[in-house]
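Novice: all I have is the shape, not the residue letters:
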């Protein structure tokens with residue numbers, strides 16, 4: 001007896017919606033599970049989880065100033081999340097966003113210190129170029145070592161983070177420090193080199209607009225250009241990419257240069273937009289948070305931006321939470337971030353399989 005072929009009466013639009021169901025719902029389920037686990041931690045500490053969540057949300061979105069701080073933190077996370085995502089699409093894992101932002105901040109600071117008489121409209125585009133070039137330059141050596149010598153980019157970028165930190169410590173303590181002070185920082189930049197603020201009472205600045213523009217450019221590059229196709233092909237299978245005429249070494253170097261340049265743009269937000277001077281450890285761990293942002297955002301700009309806002313809300317809301325609930329210190333926010341990384345990474349398939357099963361059953 002002949003077997004009747006399987007029929008799919010769904011329209012192309014319906015099938016497209018099914019294809020987007022899992023990528024859209026999975027991050028939300030991951031976040032809900034992570035918050036549920038965090039609520040268990042709150043109970044163990046002896047506090048009420050509902051009150052903690054309310055204070056966390058209010059501290060992050062309870063007014064114009066709170067929203068400004070949330071978006072200010074999110075700006076740095078957008079840059080580093082995009083940096084991690086671009087490298088990841090090529091099968092690379094860039095852990096060096098901290099060092100790349102550090103070196104880019106050095107270049108931006110030197111520009112601002114020497115361009116005090118320049119008009120702001122000229123300083124800003126030059127600073128964008130300097131920041132991107134500084135981050136890309138610091139990623140060049142790890143990229144070349146990976147492409148030509150097979151040195152794993154994870155190891156080399158981590159090593160370059162330490163080198164950048166030691167370099168900045170030496171420069172800020174012995175060379176660039178403002179005369180007559182003990183704090184390792186430069187003198188304040190001229191006001192003409194500051195990025196314009198976008199909110200009163202909060203350090204949110206024009207770098208947020210630059211971050212959104214960078215997200216749009218990354219989306220266009222990765223999914224709508226030949227070079228982006230080569231990048232994704234290499235990330236899926238190097239053997240297939242070579243067979244298709246793609247040169248892996250060149251693609252690896254270009255991907256890391258773009259990734260480093262995106263990480264370097266973080267310095268615009270911190271050095272020119274918020275601090276108006278070069279400080280020790282100004283990235284503040286944003287390079288490592290970007291890994292979690294890219295992971296939760298599925299390495300797509302449309303997911304990285306809201307994921308960065310979420311982590312910005314955790315950072316801002318956590319600082320307010322520690323004032324009203326002293327038992328929950330700032331380290332509690334690190335616990336929540338760790339739970340999100342754990343759920344989005346190690347436990348992802350635990351939720352993906354039942355969600356796919358429900359989707360097939362609904363189909």
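Specialist: That came through, no problem. Computed from a predicted model, the values in this text were never measured in an experiment. Residues are numbered from 1 along each chain as shown.

Novice: distance of the residue nearest in space to the middle of the chain relative to residue 287?
Specialist: By C-alpha atoms, centre = their mean, the chain has its centre lying nearest to residue 81, at 2.3 Å. Using C-beta to C-beta, to the nearest Å, we find residue 81 at a distance of 10 Å from residue 287. The C-beta positions use only the backbone N, C-alpha and C, and glycine is treated the same way.

Novice: and for residue 72?
Specialist: Taking C-beta to C-beta, one finds residue 72 at 17 Å from residue 287.

Novice: just to revisit the earlier point, separation between the residue nearest to the centre of the chain and residue 241?
Specialist: 25 Å.

Novice: go on, residue 154?
Specialist: 20 Å.

Novice: between the two, who's got more neighbours?
Specialist: Set side by side, residue 154 and residue 241 show more neighbours around residue 241, with 21 against 15, by other C-beta atoms under 10 Å.

Novice: show me what the host helix or strand of that one is packed up against.
Specialist: Here residue 241, judged by DSSP states H and E, is contained in helix 238-243. Under the contact definition 3 or more C-beta pairs under 8 Å, 6 or more residues apart in numbering; DSSP states H and E, helix 238-243 sits against helix 226-236, helix 248-264.

Novice: ok and the longest one relative to helix 226-236, angle-wise?
Specialist: So the one you mean is helix 248-264. Angle, helix 248-264 to helix 226-236, by axes from the mean of the first three to the mean of the last three C-alpha atoms, to 10 degrees: 100 degrees.

Novice: what's the helix or strand just after helix 248-264 in contact with?
Specialist: Later in the chain than helix 248-264, the nearest helix or strand by DSSP H and E is helix 266-267. Residues from elsewhere that reach helix 266-267 (C-beta atoms under 8 Å, 6 or more residues apart in numbering): 76, 79-80, 97, 101, 104-105, 107-108, 131, 134-135, 282-283, 286-287.

Novice: of all those residues, which comes closest to residue 329?
Specialist: Looking at the contacts of helix 266-267 and their distance to residue 329, the nearest is residue 286, at 20.1 Å (C-beta to C-beta).

Novice: and the residue nearest to the closest one when sequence neighbours are not counted, how many residues sit next to it?
Specialist: Closest residue to residue 286 apart from its sequence neighbours, by C-beta to C-beta, 6 or more residues apart in numbering: residue 76 at 4.1 Å. Residue 76 has 36 neighbours, counted by other C-beta under 10 Å.

Novice: where's residue 76 relative to residue 55, distance?
Specialist: On the measure of C-beta to C-beta, residue 76 and residue 55 end up 23 Å apart.

Novice: now do residue 238
Specialist: 49 Å.

Novice: between those two, which one's more packed in?
Specialist: Applying other C-beta under 10 Å to residue 238 and residue 55 shows that residue 55 carries more neighbours, namely 21 against 16.

Novice: which SS class is residue 56?
Specialist: Three-state call for residue 56 (DSSP: H, G, I helix; E, B strand; the rest coil): helix.

Novice: tally of neighbours for the nearest residue to it once chain neighbours are set aside?
Specialist: If you skip the residues right next to it in sequence, residue 56 has residue 317 as its closest partner in space, 4.0 Å away by C-beta to C-beta, 6+ apart. Neighbourhood size, residue 317 [other C-beta under 10 Å]: 25.

Novice: tell me which element residue 317 is part of?
Specialist: Per DSSP H and E: helix 301-324 holds residue 317.

Novice: coming back round to it: pLDDT on the helix or strand in which the residue nearest to residue 286 is found, on average?
Specialist: Per DSSP H and E: residue 76 is located in helix 64-89. Across helix 64-89, pLDDT averages out at 96.

Novice: tell me the angle of the helix or strand that it is followed by relative to helix 248-264?
Specialist: Next along the chain after helix 64-89, taking DSSP H and E as the criterion, comes helix 97-114. Orientation check (the same axes, to 10 degrees): helix 97-114 against helix 248-264 gives 60 degrees.

Novice: list the buried ones in the helix or strand just after helix 97-114?
Specialist: The element immediately downstream of helix 97-114 (helix or strand, assigned by DSSP H and E) is helix 120-144. Buried residues in helix 120-144, defined by neighbour count with 16 or more other C-beta atoms under 10 Å: 123-124, 127-128, 130-139, 141-144.

Novice: which other helices and strands contact helix 120-144?
Specialist: So helix 120-144, by 3+ C-beta pairs under 8 Å, 6+ apart, packs with helix 97-114, helix 153-174, helix 248-264, helix 266-267.

Novice: most tightly surrounded among these?
Specialist: helix 266-267 (a mean of 32; mean count of other C-beta atoms under 10 Å).

Novice: same question for that helix, mean pLDDT?
Specialist: For helix 266-267, the per-residue pLDDT averages 96.

Novice: try stretch 322-332
Specialist: Mean predicted confidence for stretch 322-332 is 80.

Novice: what residues sit buried inside it?
Specialist: Quick answer for stretch 322-332 (16+ other C-beta under 10 Å): 322, 325, 328, 332.

Novice: identify the farthest-apart pair in those residues.
Specialist: So, the buried residues of stretch 322-332 by C-beta to C-beta: farthest apart are 325 and 332, at 8.8 Å.

Novice: sketch out the low-pLDDT regions of this protein for me.
Specialist: 1-24, 345-350, 363 (pLDDT under 70).

Novice: residue 259 against residue 81, yeah?
Specialist: No. Assessed by C-beta atoms under 8 Å, residue 259 is found out of contact with residue 81, at 11.0 Å.

Novice: from the contact counts, what lies against the helix holding residue 317?
Specialist: helix 12-45, helix 49-61, helix 64-89, helix 207-224, helix 286-296, helix 331-345.
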